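Asks: with the sequence up front, the predicted model follows.
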Amino acid sequence: MNKAKLKELIIKTIDENRDKIIEVGRGIYENPEYGYKEYKTTEAVSNFLSEELGLEVEKNIAVTGCMATANSDKKGPHVSILGELDGISCKEHKHSNEIGASHTCGHNIQIAGMLGAAVGLVKSGVLDNLDGKVSFMATPAEEFIELEYRQSLKNKGEITYFGGKQELVKRGYFDNIDMSMMFHSLDMGENKALVGPESNGFIGKKVQFIGKESHAGSAPHEGINALNAAMLAINNVNALRETFKESERVRFHPILTKAGDIVNVVPADVQMESYVRARTIDGMIDASERINRALIAGGNAVGAEVVLTEIPGYLPILRYRDMDKLFSDNLVDLGIESEKIVDGGDFTGSFDFGDISHLMPTLHPMVGGVKGALHTREYEIVDEELAYIVPAKSMAMTVVDLLFDGAKEANEILNNFTPVMTKEEYLSFLEKYDRTI
């Protein structure tokens, strides 16, 4: 069977299972769970992979999450299709739950798209004609939130890293995978999709300013105001902003998670969280070191102690044009006008898939079907066909491109690929920025 016929089978099979795919996406949307707590979502994905597709599923691969591999007896390159399980906090959204969780980053769409691609590849029988393995991996904890909870998991030895894909790399789940793909949803306006996004990476920070309590009205001179230290620290960073290279797109956006206890006591314990983001690894390191000095100087100015904990964040996402072109061409074959597919994009947010892009060739397009900015009350799904079904088809068709005819396309990409980091170098980098100063 030729490649075009295989792709036709994929399209037909996904169309026949369209309602099931969308139903899964809707069900996950209605039950958002935070990172490393995606128990119901993991169960839903696992059940679909096992009951609908007959695949053997490994559950709780990193506290939560699951993975199934098809064509496991085949030789050739191993391609993984990923989807993220967790929701984000946006209590202002109309569909947020009682704790403020919602799927306003579209991870429910990713999961349904991944499962849709699995349907297209497995149910159609297309995999029999491909020369390589395909894994479907539902990954936990992409959103870098609830740091105290994740620290508690780390303290108990249940995780090493706060990010789900970081943890999965450390546990070896990417060791035998040669290339990976996934997609993100995005309000594309008049366009339909985007290939080749660039993003910032980041280093996470938790900062504690330790002062000395005293009566705020009668004896402020006997205290050391930790809140003043924090305010000075933020202003110090503001004074640095013009010194960062424009090309690095540096971002520092702190919040105070504790600013004092009661109003008539000088604050003695003030706590801050932030990311330091930049476009390159060198830029991340440079900005982080300078911001550290600024934060510590805020404490020094008033005599407060500063305890600065760095947390390994995510790496900038890298682009692989050969992978992008395959996906883009498949979108066109599905009827998306080429003029509606944006080539390249500038995102100062961060994705933990950026870490994977430093280890292997990756594909990470953005696809429309949603309206409103991610993580906001305005976010909504407005076109389920474009959001769920189109990327499912295009990812499955891209797998065919990669693994057809002795996996000629995949092997060509891999033969011309040199990883930016080995797994050992990557884990060493994470370890270096897992510290308290």
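Replies: Looks like it came in fine.
Asks: in this protein, spot the helix with the most residues.
Replies: Looking across the chain with DSSP state H, the single longest helix is helix 390-415.
Asks: for the helix or strand that it is followed by, packing partners?
Replies: Proceeding C-terminally, helix 390-415 gives way to helix 423-432 as the next helix or strand, assigned by DSSP states H and E. With contacts defined as 3 or more CB pairs under 8 Å, 6 or more residues apart in numbering; DSSP states H and E, the packing partners of helix 423-432 are helix 164-171. From N, CA and C alone the C-beta is placed, and that goes for glycine too.
Asks: distance from the chain centre to the helix it packs on, please.
Replies: 12 Å (CA atoms, centre = their mean, to the nearest Å).
Asks: try stretch 317-331
Replies: For stretch 317-331, the distance to the chain centre is 18 Å (CA atoms, centre = their mean).
Asks: hmm, who's touching it?
Replies: 7, 179, 181, 192-193, 195-199, 338, 341, 343-344, 351, 353-354, 357-358, 361-365, 390, 393-395, 397-398, 401-402, 409, 412-413, 420 (CB atoms under 8 Å, 6 or more residues apart in numbering).
Asks: returning to that earlier point: show me what counts as buried in the longest helix of the chain.
Replies: Residues of helix 390-415 classed as buried by neighbour count (16 or more other CB atoms under 10 Å): 390-404, 407, 409-411, 413.
Asks: stretch 17-36 too?
Replies: Result for stretch 17-36 [16+ other CB under 10 Å]: buried residues 17-18, 20-22, 24-25, 27-29, 32-36.
Asks: with stretch 46-64 instead?
Replies: If you call a residue buried by 16+ other CB under 10 Å, then stretch 46-64 has these buried ones: 46, 48-49, 52-53, 55, 57, 59, 61-64.
Asks: could I get the average pLDDT for it?
Replies: Averaged across stretch 46-64, the pLDDT comes to 98.
Asks: could you do stretch 192-202 as well?
Replies: In this model, stretch 192-202 carries a mean pLDDT of 97.
Asks: using CSV, write out every CA atom in that stretch.
Replies: Extracted in CSV, the C-alpha atoms of stretch 192-202 (Å, rounded to 0.1, in the frame of the first residue of the first chain):
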residue,chain,number,x,y,z
LYS,A,192,-5.3,28.2,11.4
ALA,A,193,-1.9,27.0,12.6
LEU,A,194,1.7,27.9,13.3
VAL,A,195,4.9,25.8,12.9
GLY,A,196,8.3,26.4,14.3
PRO,A,197,7.6,28.4,17.5
GLU,A,198,10.5,29.7,19.6
SER,A,199,10.2,30.2,23.3
ASN,A,200,12.0,31.3,26.4
GLY,A,201,13.4,29.0,29.0
PHE,A,202,13.5,29.8,32.7
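Asks: distance from the strand or helix carrying residue 323 to the middle of the chain?
Replies: Residue 323 belongs to helix 321-333 when assigned by DSSP H and E. Centroid displacement of helix 321-333 relative to its chain, using CA atoms, centre = their mean, is 22 Å.
Asks: ends of stretch 172-183, what's the gap?
Replies: Chord length of stretch 172-183, first to last residue, is 22 Å (CA to CA, to the nearest Å).
Asks: going forward, begin numbering at 168 instead of 1
Replies: With 168 as the first residue, the last one maps to stretch 339-350.
Asks: rewinding a little: send the alpha carbons of the helix holding residue 490 over as CSV?
Replies: Backbone C-alpha positions of helix 488-500 (Å, rounded to 0.1, in the frame of the first residue of the first chain) are rendered in CSV as follows:
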residue,chain,number,x,y,z
ARG,A,488,12.4,22.5,10.1
ASP,A,489,12.2,19.1,8.5
MET,A,490,9.6,18.0,11.1
ASP,A,491,7.8,21.3,10.7
LYS,A,492,7.5,20.9,6.9
LEU,A,493,6.0,17.4,7.2
PHE,A,494,3.3,18.6,9.6
SER,A,495,2.6,21.8,7.5
ASP,A,496,2.3,19.8,4.3
ASN,A,497,-0.1,17.4,5.9
LEU,A,498,-2.2,20.4,7.1
VAL,A,499,-2.4,21.5,3.5
ASP,A,500,-3.4,18.0,2.4
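Asks: next, the angle helix 557-582 makes with that helix.
Replies: Using axes from the mean of the first three to the mean of the last three CA atoms, to 10 degrees, one finds that helix 488-500 and helix 557-582 are set 150 degrees apart in direction.
Asks: for helix 488-500, which positions count as buried?
Replies: In helix 488-500, counting by 16+ other CB under 10 Å, buried: 489-498.
Asks: nearest to residue 395, of these?
Replies: Among the buried residues of helix 488-500, residue 491 lies closest to residue 395 (CB to CB), at 49.6 Å.
Asks: can you report how many residues neighbour residue 461?
Replies: The burial count assigned to residue 461 is 18, neighbours taken as other CB atoms under 10 Å.
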